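Novice: From the sequence below, what's the structure:
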Amino acid sequence: MPLQISQRATTFAQALTHIAAWDDLSEPRRRDLASALRSAARILGLPAAAIPCDAAWLNERLFQASAAAFGIGEGRFRTIVSGLR
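Specialist: Residues are numbered from 1 along each chain as shown. Okay, here's the model as predicted:
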């Protein structure tokens with residue numbers, strides 16, 4: 001499946017920059033959100049700059065295999081998906 005990102009879509013890299021600047025969230029919450037983005041990027045095997053913050057795009061790719069296929073437990077996978085939402 002070709003990698004296509006809308007020119008208007010915020011990427012994970014941009015989201016990581018935004019999260020770091022949010023001062024209305026606690027440091028642990030910002031860290032958890034950033035961790036979810038970085039973990040999903042590792043699962044997808046793509047750089048953060050190549051991943052759009054697009055639910056349909058992510059669903060199509062993250063749910064095509066089991067958590068075990070990505071080398072992680074089901075609980076960790078659910079935590080990552082929850083952080084992305």
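Novice: And the contacts of the helix or strand where Ala34 lies?
Specialist: Using DSSP states H and E, Ala34 sits in helix 27-44. Taking Cβ atoms under 8 Å, 6 or more residues apart in numbering as the criterion, the residues outside helix 27-44 that touch it are 12, 15-16, 19-20, 22, 25, 47-48, 51, 58, 61-62, 70, 72, 76, 79-84. Every residue, glycine included, has its C-beta placed from N, CA and C.
Novice: Got a ChimeraX select line for the buried ones in the residues you listed?
Specialist: Selection of the buried residues among those in ChimeraX, burial being defined by 16 or more other Cβ atoms under 10 Å:
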select :12,15,16,19,48,51,58,61,62,70,72,79,80,81,83,84
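Novice: about what we covered before: what distance separates the helix holding Ala34 from the middle of the whole chain?
Specialist: Offset of helix 27-44 from its chain centre (Cα atoms, centre = their mean, to the nearest Å): 6 Å.
Novice: any idea which helix or strand comes after it?
Specialist: Using DSSP H and E, the next helix or strand after helix 27-44 towards the C-terminus is helix 55-62.
Novice: helices and strands around that following helix, which ones?
Specialist: Other helices and strands packing on helix 55-62, by 3 or more Cβ pairs under 8 Å, 6 or more residues apart in numbering; DSSP states H and E, are helix 27-44.
Novice: can you tell me which of the contacts of helix 27-44 are in helices?
Specialist: Among the contacts of helix 27-44, the members falling in helices (DSSP state H) are 12, 15-16, 19-20, 58, 61-62, 76, 79-84.
Novice: Find the pair from these with maximum spatial separation.
Specialist: Within those, Ala20 and Arg61 form the most distant pair, 24.8 Å apart (Cβ to Cβ).
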